[in-house]
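# attaching a predicted model along with its sequence, questions to come.
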Amino acid sequence: MYKRIILFIDLTVTLSFMMNANRFNQLNGGNDMPNHNTIYKQEADKYHSMISKQQPLLPKVEELINLEGLDILDLGAGSGRFTLELASKAISIVALDNSEAMLNVAANRLKQAGWNHWRTITADHRSLPLDDHCVDLIIAGWTICYLTNADVPDALDNLRHIMEEMKRVLRPNGTILIFETMGTGEEQPNPPEFLKDYYAALVQDYGFNHKWIRTDYTFETIEQAEQLTRFFFGEAMAERVVEHNWTHLPECAGMWWLQV
């Protein structure tokens, strides 16, 4: 049996990949979105505090894929949310992201957990510093959208390049699994307009299967919920949190998967 590697993508947004803030405003109902590029470079720890309030996603992955005993490359690892979940199952993990600051958070968390079967790489979606046919699974979480949304020039060309790279590094029968937003503060899927062409291309042009799931946040207090949602989602979302007294913030996400 050949050695298998998961390429696990949760690539967090960075300078080259920053989605236009106005589009995030459309999604969340405001015009005051924080600068995510600054957050990812300068406030990675606080960002991790927020995403740690999401429910674990590993069970959703395991519904589709047997992860036991695999070598993992977490491409776009961000602060290591998924990397840490997968560490107990992996033979090895490479955490890859375009944000060095985020990878530093991931590396510290991996060290604290006592894992030593990992390394980090800073790289771009469209140019993966990996050998051909070296991985078995690619998971891209809330990341490809930053290069393929309607405000990005040549968005669908970017998608094509990303797909070519992912397929290049996959072994035969490898799998790509993509997570993207279907609406924060939503109990049913409500995908933003500026991502619909990208989502349609995944299914129509690349043959992905698709379903949606809930990825809610659970905060300890309403004060914490207000603070962290304002930090990342902006004033409008924070006002909704206060208005509804939400310590449980609903969110929907899409899952797209394809065996290559």
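Perfect, I can see it now.
# go ahead and confirm T215 touches P59.
No: counting by CB atoms under 8 Å, no contact exists between T215 and P59, whose distance comes to 11.9 Å. Quick note: C-beta positions are derived from backbone N, CA and C, even for glycine.
# the two: which is more packed in?
Counted by other CB atoms under 10 Å, T215 and P59 do not tie: T215 has more neighbours, with 24 against 9.
# contact partners for that one?
By CB atoms under 8 Å, 6 or more residues apart in numbering, the contact list for T215 reads 54-55, 57, 179, 251-253.
# just the ones of those residues in strands?
179, 251-253 (DSSP state E).
# rewinding a little: tell me which of the contacts of T215 has the lowest pLDDT.
Ranked by pLDDT, the contacts of T215 bottom out at Q55 (84).
# wait, that residue touches H248, no?
No: using CB under 8 Å, Q55 makes no contact with H248, being 10.1 Å away.
# quick one: distance of the host helix or strand of Y146 to the chain centre.
Using DSSP states H and E, Y146 maps to helix 145-148. The chain centre lies 11 Å from the centre of helix 145-148; the measure is CA atoms, centre = their mean, to the nearest Å.
# other SSEs contacting that helix?
helix 155-169, helix 196-204 (3 or more CB pairs under 8 Å, 6 or more residues apart in numbering; DSSP states H and E).
# can you redo the contacts of T215 as JSON lines with distance to D74 and neighbour count?
Output for these, formatted as JSON lines (distance: CB to CB, whole Å; neighbours: other CB atoms under 10 Å):
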{"residue": "Q54", "distance to D74": "16", "neighbour count": "15"}
{"residue": "Q55", "distance to D74": "19", "neighbour count": "13"}
{"residue": "L57", "distance to D74": "13", "neighbour count": "19"}
{"residue": "F179", "distance to D74": "13", "neighbour count": "25"}
{"residue": "E251", "distance to D74": "21", "neighbour count": "18"}
{"residue": "C252", "distance to D74": "23", "neighbour count": "20"}
{"residue": "A253", "distance to D74": "18", "neighbour count": "23"}
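# what is the nearest of these to N108?
Nearest to N108, judged by CB to CB, of those is Q54 at 19.7 Å.
# surely that closest one and D216 touch.
Yes: if you go by CB under 8 Å, Q54 and D216 touch, sitting 7.1 Å apart.
# name the residues contacting each of these two.
By CB under 8 Å, 6+ apart, the residues touching both Q54 and D216 are E251.
# which residue ranges of the stretch 1-150 of the chain form strands?
5-9, 70-75, 90-97, 118-122, 135-141 (DSSP state E, counting those that start in this stretch).
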